[in-house]
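Participant: sequence first, predicted model second:
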Amino acid sequence: MGGGRGAIVALLSISVVHPAADPIRSLLPLRRFRTATASVRMASHAAPCSSSTASSVIDFLTLCTRLKTTKRAGWVIRGVHDAESVADHMYRMSVMALISADLPGVDRDRCIKMAVVHDIAEAIVGDITPSDGVPKSEKSRREREALDHMCSLLGDGARAKEIHELWMEYEENTSLEAKLVKDFDKIEMILQALEYETDQGKDLEEFFQSTSGKFQTDLGKSWASEIVSRRRKK
């Protein structure tokens with residue numbers, strides 16, 4: 001897996017700085033990204049494996065480090081101090097799934113797993129927001145390509161396939177679990193917005209407006225209503 005580790009170094013060198021800090025990013029061609037991910041593909045073909053080895057697992061986890069260090073861009077743009085990371089966001093969503101009540105037809109364990117992986121492609125592409133001006137179809141394409149290469153580090157094993165299936169299910173919003181986790185994504189965001197408003201005196205009304213009326217489940221609507229109610233009282 002020496003080639004795989006080299007490819008990871010290349011991937012980690014890709015800038016994911018938000019365009020507010022680096023105006024070049026919105027114009028940055030995907031050449032470096034494609035070159036790096038092509039290296040992963042070649043490494044995968046050169047050293048195929050049917051299941052995860054210790055080396056491939058550590059390669060994958062090393063790439064996932066970017067989830068811990070990449071700040072959620074929406075907060076950075078709005079001047080939030082010490083903004084949460086992508087991993088912070090995913091973690092609290094996972095806790096939401098863990099503590100949620102059992103719902104008819106919903107696999108809670110699957111929701112937890114889906115929350116853990118739903119933004120995993122951002123380890124490579126960064127947190128792309130609407131303000132970046134990237135079309136939704138292009139954002140999805142970049143993230144799917146990144147996901148494919150991340151999963152390739154784990155070979156063709158069951159865990160890689162599970163991660164891929166969970167991510168696609170969430171992306172396509174094709175199940176009750178995906179709809180619930182989509183709601184958790186919005187709930188975590190407005191709860192974080194409320195906390196930043198309270199702690200830092202920010203006005204983050206736009207985050208509440210952007211999610212209003214878009215919750216798909218009764219649980220999501222209930223939790224969102226509680227957050228909005230608390231915001232009105234503060």
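Facilitator: Nice, I can see it.
Participant: lowest-pLDDT helix or strand in the chain?
Facilitator: Scoring the helices and strands of the chain by mean pLDDT, DSSP states H and E places helix 31-46 at the bottom, with a mean of 42.
Participant: and the helix or strand following it, what does it pack against?
Facilitator: Counting by DSSP states H and E, the element after helix 31-46 in chain order, helix or strand, is helix 54-69. Judged by 3 or more C-beta pairs under 8 Å, 6 or more residues apart in numbering; DSSP states H and E, the packing partners of helix 54-69 are helix 2-12, helix 86-99, helix 122-125. Every C-beta, even on glycine, is put in place using the N, C-alpha and C of the backbone.
Participant: quick check: the gap between the nearest residue to residue 151 once chain neighbours are set aside and residue 76.
Facilitator: The shortest distance from residue 151 to any non-neighbouring residue, by C-beta to C-beta, 6 or more residues apart in numbering, is to residue 160 (4.2 Å). Separation of residue 160 from residue 76 (C-beta to C-beta, to the nearest Å): 31 Å.
Participant: which one's more surrounded, those two?
Facilitator: Shown here are residue 160 and residue 76; by other C-beta atoms under 10 Å, residue 160 has more neighbours (21 against 18).
Participant: next, the buried residues of the strand or helix carrying that one.
Facilitator: Taking DSSP H and E as the definition, one finds residue 160 inside helix 158-172. Residues of helix 158-172 classed as buried under the neighbour-count rule (16 or more other C-beta atoms under 10 Å) are 160, 163, 164, 166, 167, 169, 170, 171.
Participant: quick check: pLDDT value at the last one.
Facilitator: What that stands for is residue 171. You'll see residue 171 listed with a pLDDT of 96.
Participant: tally of neighbours for the nearest residue to it once chain neighbours are set aside?
Facilitator: Closest residue to residue 171 apart from its sequence neighbours, by C-beta to C-beta, 6+ apart: residue 140 at 6.8 Å. For residue 140, the neighbour count with other C-beta under 10 Å is 15.
Participant: spit out the contact partners of the residue nearest the centre of the chain.
Facilitator: The centre of the chain sits closest to residue 119, judged by C-alpha atoms, centre = their mean, with a distance of 1.4 Å. Counting by C-beta atoms under 8 Å, 6 or more residues apart in numbering, residue 119 makes contact with 67, 86, 89, 90, 127.
Participant: wasn't it part of a helix?
Facilitator: No: the assignment for residue 119 (DSSP: H, G, I helix; E, B strand; the rest coil) gives coil, which keeps it out of a helix.
Participant: confidence score at it?
Facilitator: At residue 119, the pLDDT value in this model is 98.
Participant: pLDDT below threshold where in this structure?
Facilitator: 1-52 (pLDDT under 70).
Participant: other residues contacting stretch 175-188?
Facilitator: So stretch 175-188 is contacted by 89, 92-93, 96-97, 100, 103, 105-107, 110-111, 114-115, 118, 169-170, 172-173, 211, 214-217, 219-221, 223-224, 227 (C-beta under 8 Å, 6+ apart).
Participant: convert it to PDB, retaining C-alpha atoms only.
Facilitator: Presented in PDB, the C-alpha positions along stretch 175-188 are these (Å, rounded to 0.1, in the frame of the first residue of the first chain):
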ATOM      1  CA  SER A 175     -35.600   5.800   2.400                       C
ATOM      2  CA  LEU A 176     -37.300   6.700   5.600                       C
ATOM      3  CA  GLU A 177     -33.800   6.600   7.200                       C
ATOM      4  CA  ALA A 178     -32.400   9.100   4.700                       C
ATOM      5  CA  LYS A 179     -35.400  11.400   5.200                       C
ATOM      6  CA  LEU A 180     -34.900  11.400   9.000                       C
ATOM      7  CA  VAL A 181     -31.100  11.900   8.700                       C
ATOM      8  CA  LYS A 182     -31.700  14.800   6.300                       C
ATOM      9  CA  ASP A 183     -33.900  16.300   9.000                       C
ATOM     10  CA  PHE A 184     -31.100  15.700  11.600                       C
ATOM     11  CA  ASP A 185     -28.700  17.600   9.200                       C
ATOM     12  CA  LYS A 186     -31.000  20.700   9.300                       C
ATOM     13  CA  ILE A 187     -31.700  20.400  13.000                       C
ATOM     14  CA  GLU A 188     -28.100  20.200  13.900                       C
END
